[in-house]
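> Would you be able to build a 3D model of this:
(2 chains)
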Number of protein chains: 2
Amino acid sequence: MTYYFEDLEVGDTFTAGSYTVTKAEIIEFAEQFDPQPFHVDEEAARESLFGELVASGLHTLCISVRLFVTEFVRGEEGIANMGGLGMDDLQWHRPVTPGDTLSLRIEVLETSPSTSHSGRGYVDFERVIHTDDGERVLSLLSHNIVERRQNGG
Amino acid sequence: MTYYFEDLEVGDTFTAGSYTVTKAEIIEFAEQFDPQPFHVDEEAARESLFGELVASGLHTLCISVRLFVTEFVRGEEGIANMGGLGMDDLQWHRPVTPGDTLSLRIEVLETSPSTSHSGRGYVDFERVIHTDDGERVLSLLSHNIVERRQNGG
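Okay, the predicted model is just below:
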């Protein structure tokens, strides 16, 4: 089924995953978008705050969006997401290192119908990325626009 | 010069850019991390909320980090960034479309020395991405760790 605005209730949770991060992918991503030494150079990373090569936090965020879209949004079964407005309280709790396997948990925090667009509602999600041993690595709140049922359900 | 924690004062601003976004890059990024129809398929995008193909907001965020790192952080001249803790108040003000030329403006909002690590301080930056006609497309607050001068100045 497709989850329209009316189908989402505060407290609903969904889980998706998993995705295993490789060293090659960490370096390739960082070379393109976040070329700081501790993301692209193992030797420099050992001298850094982190002590080892770590994924860009932006990379972890991108993986979280990939899991959100491929497992919850796209296709016949998923949330009828129309777009994103923004994010709040994005926190990187610990670095992701090569070989970490990541999963996503989302929870509906708030829903409100649009007062100006009858076909839309606003949904706030908490999104948490955790490793397979349950450690949180990333959390955020996202503000999304979700389609309403056209024919009243 | 390198900007250490002590060199950054509230109100300091820096600008960087520019970066022109292509249609091919928008689709390639979205296929990897945000494969929603309005980011990867021009025809489907015309039927969407946006009415045309638009860059993933995550892509715009990645470009903003790329500009931050390549122009402010990396190399001999730049901010002695040790890592990021999180972000707040991330807002996508309008979609980015193929051909848009983006620049970054950052401003120091708050600085506070670490009480537990003598070599570190915390700096909050406002980061704004705007087009070359001055329209804001993305804004956020970032919470960073910045190195202190080792020898008192």
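
> Enumerate every residue touching the spatially most central residue of chain A.
Closest to where the C-alpha atoms of chain A average out (C-alpha atoms, centre = their mean) is residue A:64, at 2.9 Å. Residue A:64 makes contact with A:102, A:104, A:127, A:129, A:138, A:140, according to C-beta atoms under 8 Å, 6 or more residues apart in numbering or on different chains. No exception for glycine: its C-beta is placed from N, CA and C like everyone else's.

> Can I get those residues in CSV including secondary structure?
CSV is the format used below for these (DSSP: H, G, I helix; E, B strand; the rest coil):
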residue, secondary structure
A:102, strand
A:104, strand
A:127, strand
A:129, strand
A:138, strand
A:140, strand
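
> Most neighbours out of these, which is it?
With neighbours taken as other C-beta atoms under 10 Å in any protein chain shown, the top of the contacts of residue A:64 is residue A:129, carrying 26 neighbours.

> ok, so what distance separates that residue from residue A:62?
Taken as C-beta to C-beta, to the nearest Å, the spacing of residue A:129 relative to residue A:62 amounts to 11 Å.

> cool, residue A:2 as well?
Shown here: residue A:2 relative to residue A:62, a distance of 25 Å by C-beta to C-beta.

> Comparing those two, which residue is more hemmed in?
More crowded of residue A:2 and residue A:62, by other C-beta under 10 Å: residue A:62, with 23 against 13.

> Please identify the helix or strand for the more buried one.
Secondary structure from DSSP states H and E places residue A:62 in helix A:57-68.

> what's the angle from that helix to helix B:57-68?
Angle between the axes of helix A:57-68 and helix B:57-68 is 170 degrees (criterion: axes from the mean of the first three to the mean of the last three C-alpha atoms, to 10 degrees).

> which bits of chain A sit near chain B?
Proximity of chain A to chain B, by C-beta under 8 Å from any C-beta of the partner chain, involves residues A:32-36, A:38, A:48-50, A:56-58, A:61-63, A:65-66, A:69-70, A:73-74, A:81-92, A:145.

> Among these, name the buried ones.
Neighbour-count burial (16 or more other C-beta atoms under 10 Å in any protein chain shown) applied to those gives A:33-36, A:38, A:48, A:50, A:56-58, A:61-63, A:65-66, A:69-70, A:73-74, A:81-84, A:86-88, A:90-92, A:145.

> Out of these, list just those in helices.
Residues of these located in helices (DSSP state H): A:33, A:38, A:57, A:58, A:61, A:62, A:63, A:65, A:66.

> Out of the residues you listed, flag the one nearest to residue B:111.
residue A:57 (20.7 Å; C-beta to C-beta).

> what sits against the closest one?
The contact partners of residue A:57, by C-beta under 8 Å, 6+ apart, come to A:92, A:95, A:138, B:84.

> if you skip the residues just before and after it, what's nearest to the first one?
Nearest in space to residue A:92, with sequence neighbours left out and distances taken as C-beta to C-beta, 6 or more residues apart in numbering or on different chains, is residue A:57 at 4.3 Å.

> do residue A:71 as well
In space, and not counting its chain neighbours, residue A:71 is closest to residue A:16: 3.6 Å by C-beta to C-beta, 6+ apart.

> which other helices and strands contact the host helix or strand of residue A:143?
Taking DSSP H and E as the criterion, the element that holds residue A:143 is strand A:136-147. Counting contacts by 3 or more C-beta pairs under 8 Å, 6 or more residues apart in numbering or on different chains; DSSP states H and E, strand A:136-147 is packed against helix A:57-68, strand A:81-92, strand A:120-131.

> Need these in JSON lines (columns: mean pLDDT).
JSON lines is the format used below for these (pLDDT from 0 to 100):
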{"stretch": "helix A:57-68", "mean pLDDT": "96"}
{"stretch": "strand A:81-92", "mean pLDDT": "95"}
{"stretch": "strand A:120-131", "mean pLDDT": "97"}
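
> I appreciate the help and will end here.
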